[in-house]
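Undergrad: fold the following, please.
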Amino acid sequence: MPGQAALTVNGLPDNATVHISARVEMGEMAFPCRLSPEAQADRVIHMADGIVVNRHLNAIYSQDRDAGVEFQASSVLLTPSKDGNYFLLEIESSGGGQPPQVVMVLQEHVFHQYSPYYRPSVPRHFSRPICGWLSYYCLFEDPDEEQVLAIADFAAEHLVPFGMEYFSVEMWQANHLQTAVQPNYWSVDRRKFPHGMKWLMDEIRKRGLKPGLWAVLFGTGDEVFHAMWRELFLHDETGKPLQNWSGYYLLDPTRTEVKRMMSRYVRLMTDQWGAEYLKLDGLSARAATSYSEAFFQVPEVRQRFAVPAQDPFRDCLLTLREAMGPDCYFLACGGDWQGACVGVADGARISNDVFYHGETPDWSSVVRSVREAVKNLFFHNIIWHNDPDIVAVRPPLPLGEAAAWTTALALLGQIMFDSDILPDLDKERVALLQQVMPVVNARPSQLYPLELQPIIDLKVVRPFGQWDVVGVFNWEEEASSEQTFVIELSALGLDSKQDYLVYDYADHSVQVVTSGSFSVTLPPHGYALFSVHKLQQVPQVISTNRHVAQGAISLEQVAWHPRLVALTGRSRVVGRHPYVLSVWVPPGYEIKAAEAKRAQVSYQQVGRLLEVTLEAARNVSARWKLQFART
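TA: Have a look, this model is predicted:
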């Protein structure tokens, strides 16, 4: 039951501190979090890949129960057990002249109270956010078969080995300029796609990618089809067709034949053509009455339904989901986290278009994209996977601004789709995409709406250790001078009494932080990326160049062997791309040899930083061993 309980300790001297330890069990899908903001505004956005230890967090959320418990005290530390079945709770409470007190707040329906369709979830068929490419923001209304496959060829060679999965084609319909699809004969624009969609989907799949399509199902711009099936459409009392963004003619969602028709054409795209990803547009409940869910809630529209129905839009979505089958990724474009797409879609677009036809990405596009991603972050990877639309790294967007965009979205762990004419990109811009694929499977730690902040902290935990990946961003759109940012270790949820290694991803430098903070000065629109590891007295891996998450994607195993005086591990290496391990070598040790299985190995050391390079002809999982000597 929801409620609040308080424990007050009487009979102690003023300013006494009480220490409490307890074991807390919240189920298999529980994780530490914050359920409510701090008294002071959040300056850090906290993300977690795994069940992490974070001193900033004071609550536990159970995803399979949609329930949480919050502990209010001077200091709260939640440490997961090794088997993941419970948390060790350690609390300190100082009275400050009053009897020390600990408050425990229980909450039920944490997300259901905001999202009426949300139910406590079970593990999803698609367990992590996806990444890929889509055509719209580079080809806009004019994609064609030749262009699409040229881009797919490039992606197959340069991005599929790094984790790109999906490849989605938009605006392929003959009547796309009328912003709708004809759900009668599903007319493909044969001038641009002479071989048809099944052939195109097969060709994309041959290149190691999962093909996808964009569609609008609740309306059409086809006058002929409307005339043929007039009784299936919505009209006002005068017989004039109702219309919105989805088309000049809107289907009546209460009719059984409409649902059957939608199912047939979804199966056409998936079963016959072979699409493995469907992006259904025009679904939003937020955009006044321009989109389907909001439109079907208007009383004047509901009066025109053929059959009285409580929630025909939801009924249609469930029908479409069944027609897709479990192996097709359903992306609800404009899906509202408080609307009917919840519990049906695998992911949802949570922002407006990043930029529009005829425009190119600029810094305002970057800030708008990340701001929307942050505002809607708190339900990501809980209700569904959030889709912040796309990234586009092409000029005239400066390389540094493109890197800030891809890095910020990568740290937020959301769906990542690029929309560039890939063969036109130079190596540096292609590398930006390579270093953010696949997507880190992270979830938010603050389960409430946030504003854009200068610091994003992704905590990563693996069986061999935990580390932080910290992005610092100068978001000021009108900035005319550089700014200095101070990163407090305590604000990252770290123990400020400990010493840490801070590695700068851009300039490959490392510093030992003993003062509880470090700082960075950034130019206008600049960013910096760090890894933060607790300082050990033995050699330790502190970064890799494979991905901005610096080990979260590629490191499979790391171990120090004191008797052998050796550091060993296993890494996923991408073929024909040098993979670099950055290793801290403390005083008292020196490197003697390096060896690897399934990869060539070399190394060089500057100061205390050892860089070990692994190279292979194809993608491999490479075991490596670094032999040290004590000095």
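
Undergrad: where in the protein is pLDDT low?
TA: 1-15, 41, 95-100, 121-123, 175-186, 287-288, 479 (pLDDT under 70).

Undergrad: can you give me the helices for it?
TA: Per DSSP state H, the chain carries helices over the ranges 136-139, 145-158, 196-206, 223-228, 256-267, 292-295, 299-302, 312-324, 363-375, 399-412, 427-434.

Undergrad: format the ones you listed as a markdown table; extra columns: distance to residue 341 and mean neighbour count.
TA: Glycine gets a C-beta too; all of them are placed from N, C-alpha and C. Below are these laid out as a markdown table (distance: least, Cβ to Cβ, whole Å; neighbours: other Cβ atoms under 10 Å):
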| stretch | distance to residue 341 | mean neighbour count |
| --- | --- | --- |
| helix 136-139 | 20 | 21 |
| helix 145-158 | 28 | 18 |
| helix 196-206 | 24 | 18 |
| helix 223-228 | 26 | 14 |
| helix 256-267 | 15 | 17 |
| helix 292-295 | 8 | 26 |
| helix 299-302 | 19 | 12 |
| helix 312-324 | 6 | 20 |
| helix 363-375 | 17 | 20 |
| helix 399-412 | 21 | 23 |
| helix 427-434 | 28 | 18 |
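
Undergrad: so which of the ones you listed gets nearest residue 504?
TA: Within the helices of the chain, the stretch nearest residue 504 is helix 399-412; the backing value is 13.2 Å (Cβ to Cβ).

Undergrad: packing partners for that closest one?
TA: Where contact means 3 or more Cβ pairs under 8 Å, 6 or more residues apart in numbering; DSSP states H and E, helix 399-412 is packed against strand 44-49, helix 363-375, strand 416-418, helix 427-434, strand 455-462, strand 465-473, strand 527-534.

Undergrad: so for residue 601, which of the helices of the chain sits nearest?
TA: Per Cβ to Cβ, nearest to residue 601 of those: helix 427-434, 21.2 Å.

Undergrad: leaving aside the residues adjacent along the chain, what's closest to residue 61?
TA: residue 68 (4.4 Å; Cβ to Cβ, 6 or more residues apart in numbering).

Undergrad: so that neighbour sits against residue 109, correct?
TA: No. Judged on Cβ atoms under 8 Å, residue 68 makes no contact with residue 109 at a distance of 9.8 Å.

Undergrad: and for residue 415, the neighbour number?
TA: A count of nearby residues for residue 415, using other Cβ atoms under 10 Å, gives 28.

Undergrad: in contact with it, which residues?
TA: 129-131, 331, 347, 385-388, 439 (Cβ atoms under 8 Å, 6 or more residues apart in numbering).

Undergrad: residue 278 and residue 216 touch, don't they?
TA: No. With contacts counted by Cβ under 8 Å, residue 278 stays clear of residue 216, the gap being 11.3 Å.

Undergrad: what pairs with residue 509 across the strands?
TA: For residue 509, the beta-bridge partners are residue 504 (DSSP bridges).

Undergrad: how near is it to residue 467?
TA: According to Cβ to Cβ, to the nearest Å, residue 509 and residue 467 sit 17 Å apart.

Undergrad: where do the strands sit along the stretch 1-150 of the chain?
TA: Applying DSSP state E, counting those that start in this stretch to the stretch 1-150 of the chain gives strands spanning 3-8, 17-24, 30-33, 44-49, 59-62, 67-72, 75-80, 87-94, 101-108, 131-134.

Undergrad: closest to residue 488 out of the ones you listed?
TA: strand 44-49 (8.8 Å).

Undergrad: that closest one - contacts with which helices or strands?
TA: helix 399-412, strand 443-444, strand 455-462.

Undergrad: identify the residues contacting the closest residue to residue 444 other than its chain neighbours.
TA: Leaving aside its chain neighbours, residue 444 sits nearest to residue 377 (4.9 Å; criterion: Cβ to Cβ, 6+ apart). By Cβ under 8 Å, 6+ apart, the residues touching residue 377 are 45, 386, 412, 414, 444, 446, 450.

Undergrad: against residue 356, how distant is the closest residue to the last one other than its chain neighbours?
TA: Right, residue 450. Among residues not flanking residue 450 along the chain, residue 374 sits closest, at 5.3 Å (Cβ to Cβ, 6+ apart). Residue 374 is 22 Å from residue 356, where distance means Cβ to Cβ.

Undergrad: shouldn't residue 337 be in contact with residue 380?
TA: No. Residue 337 is beyond contact range of residue 380, at 9.4 Å (criterion: Cβ under 8 Å).

Undergrad: ok, these two, which is more surrounded?
TA: More neighbours surround residue 380 than the other of residue 337 and residue 380, with 26 against 23 (other Cβ under 10 Å).

Undergrad: doesn't residue 446 make contact with the more buried one?
TA: No. With contact defined as Cβ under 8 Å, residue 380 and residue 446 do not form a contacting pair (11.2 Å).

Undergrad: thinking again about what came up before, between the helices and strands packed on helix 399-412, which one is nearest to residue 196?
TA: Among the helices and strands packed on helix 399-412, strand 416-418 comes nearest to residue 196, with 24.1 Å by Cβ to Cβ.

Undergrad: how many neighbouring residues does residue 496 have?
TA: Neighbour count of residue 496, defined by other Cβ under 10 Å: 15.

Undergrad: that one against residue 516, yeah?
TA: Yes. Counting by Cβ under 8 Å, residue 496 touches residue 516, with 4.0 Å between them.
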